[in-house]
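S.K.: What shape does this take:
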Amino acid sequence: MLRRSGSPAAWRATLGRSVRLFRDFRYEQPDPARFYTALAEDSTAMLGTYADLDGRTVLDVGGGPGYFREAFERAGATYVALDADVGELAGVGEIHPRTVIGSGMRLPFRDGAVDVTYSSNVLEHVPDPWQMAREMVRVTRPGGLVFVSYTVWFGPWGGHETAPWHYVSGRYARRRYRRKHGHEPKNRFGESLFEVTVGDGLRFVRDQAEADVVAVFPRYHPAWAYWLLRVPVLREVLTWNLMIVLRRPDDGSAHRSAA
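M.R.: Next up is the predicted model:
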């Protein structure tokens, strides 16, 4: 894990945890509730190692139909979801009152409005992912935390349902899916799916100056596999999903990361 000194220890990223998550991942398309409920529980456990969520306001950017709401509220947080797609928000029934429709690249919140901002597997679906990340930092209060993770393009699931043909190209994978199934994929390359790499994320945490870098690590991997991030080509293929943890400094100044 790439982490600044003084940050809290990670939650237990064990091999057993990784196996459970990858097993549930197989149901992401046929039974999304199973996968996202498991991921939500894992996420609140992970976030809890960096901050006490009890009494905190959490903004979930791209929260979709609310699979994460129950897990965060069980941890004592006030959960607010934002999504640009009304259909996604209504995916599991009635839209919750603490739900906002808007763009992740232009969050409709004032500076420092929330204690924690969180986004899971959304960054690769917006045309300017690092503008969204900067917006998440902006709306987080001084001393608050930003958690953002995304699916890595050159990983096995980078093309989502069009994988593994995204290794040829995103456009080819989209065309092939359309020919085979007779309709567009849900995640359309160039419209609702974009190429975001591990290198992109590491450059962002190195170059941004608004927040301290707390941790950067492969989200689904056991802790002993975090060394992957130190190997430029290998990390793109094997990371699958990159997690970035930032903290807004209390004094308004941020330290650049050596990552």
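
S.K.: pLDDT value on Ala258, please?
M.R.: On the pLDDT scale, Ala258 is placed at 39.

S.K.: swap in Gly91?
M.R.: Per-residue confidence (pLDDT) for Gly91: 49.

S.K.: same check, this time on Tyr36
M.R.: The predicted local confidence for Tyr36 is 81.

S.K.: likewise Pro8?
M.R.: 42.

S.K.: Run through the helices of this structure in chain order.
M.R.: 15-25, 32-47, 69-74, 86-89, 129-138, 170-181, 198-207, 232-238 (DSSP state H).

S.K.: Looking at these, which one is packed in the most?
M.R.: Greatest average neighbour count among the helices of the chain goes to helix 129-138 (a mean of 21), per mean count of other Cβ atoms under 10 Å. (Glycine included, C-beta is placed from N, CA and C.)

S.K.: Which neighbouring elements make contact with that helix?
M.R.: strand 57-61, strand 114-120, strand 140-151, helix 198-207 (3 or more Cβ pairs under 8 Å, 6 or more residues apart in numbering; DSSP states H and E).

S.K.: and the angle from the first one to helix 32-47?
M.R.: Using axes from the mean of the first three to the mean of the last three Cα atoms, to 10 degrees, the interaxial angle of strand 57-61 with respect to helix 32-47 works out to 130 degrees.

S.K.: Would you list the strands that strand 57-61 pairs with, along with their directions?
M.R.: Next to strand 57-61 in the sheet, as set by DSSP bridges, lie strand 78-83 (parallel), strand 114-120 (parallel).

S.K.: looking at the ones you listed, which has the lowest confidence?
M.R.: Among the strands paired with strand 57-61, strand 78-83 scores lowest, at a mean of 92.

S.K.: so how far is it off the chain centroid?
M.R.: Centroid separation for strand 78-83 versus its chain: 14 Å, with Cα atoms, centre = their mean, to the nearest Å.

S.K.: And that strand, what's buried?
M.R.: Residues of strand 78-83 classed as buried: 79-83 (neighbour count, 16 or more other Cβ atoms under 10 Å).

S.K.: Show me what it is in contact with.
M.R.: Identification of contacts with strand 78-83 by Cβ atoms under 8 Å, 6 or more residues apart in numbering yields 55-64, 66, 68-69, 72-73, 89, 96, 98-102, 104, 107-108, 114.

S.K.: of those residues, buried ones?
M.R.: For the contacts of strand 78-83, buried by 16+ other Cβ under 10 Å: 56-64, 66, 68-69, 72, 89, 99, 104, 107, 114.

S.K.: ok, back up a step: with respect to Arg179, which of the buried residues of strand 78-83 is nearest?
M.R.: Asp83 (30.3 Å; Cβ to Cβ).

S.K.: so Trp165 makes contact with Arg179?
M.R.: No: Trp165 lies out of contact with Arg179 (Cβ atoms under 8 Å); the separation is 11.0 Å.

S.K.: lowest-confidence stretch among the helices of the chain?
M.R.: Across these, the lowest-scoring stretch is helix 86-89, with a mean of 52.

S.K.: returning to what we had before: out of the strands paired with strand 57-61, flag the one nearest Leu21.
M.R.: Nearest to Leu21, of all these, is strand 114-120, at 12.3 Å by Cβ to Cβ.

S.K.: how about that closest one as PDB, C-alpha atoms only?
M.R.: What follows is strand 114-120 as a C-alpha-only set of coordinates in PDB (Å, rounded to 0.1, in the frame of the first residue of the first chain):
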ATOM      1  CA  VAL A 114     -20.000  16.700   4.300                       C
ATOM      2  CA  ASP A 115     -17.700  14.700   6.600                       C
ATOM      3  CA  VAL A 116     -16.900  11.800   4.200                       C
ATOM      4  CA  THR A 117     -17.200  11.500   0.400                       C
ATOM      5  CA  TYR A 118     -17.300   8.000  -1.100                       C
ATOM      6  CA  SER A 119     -17.500   6.700  -4.600                       C
ATOM      7  CA  SER A 120     -17.400   3.000  -5.700                       C
END
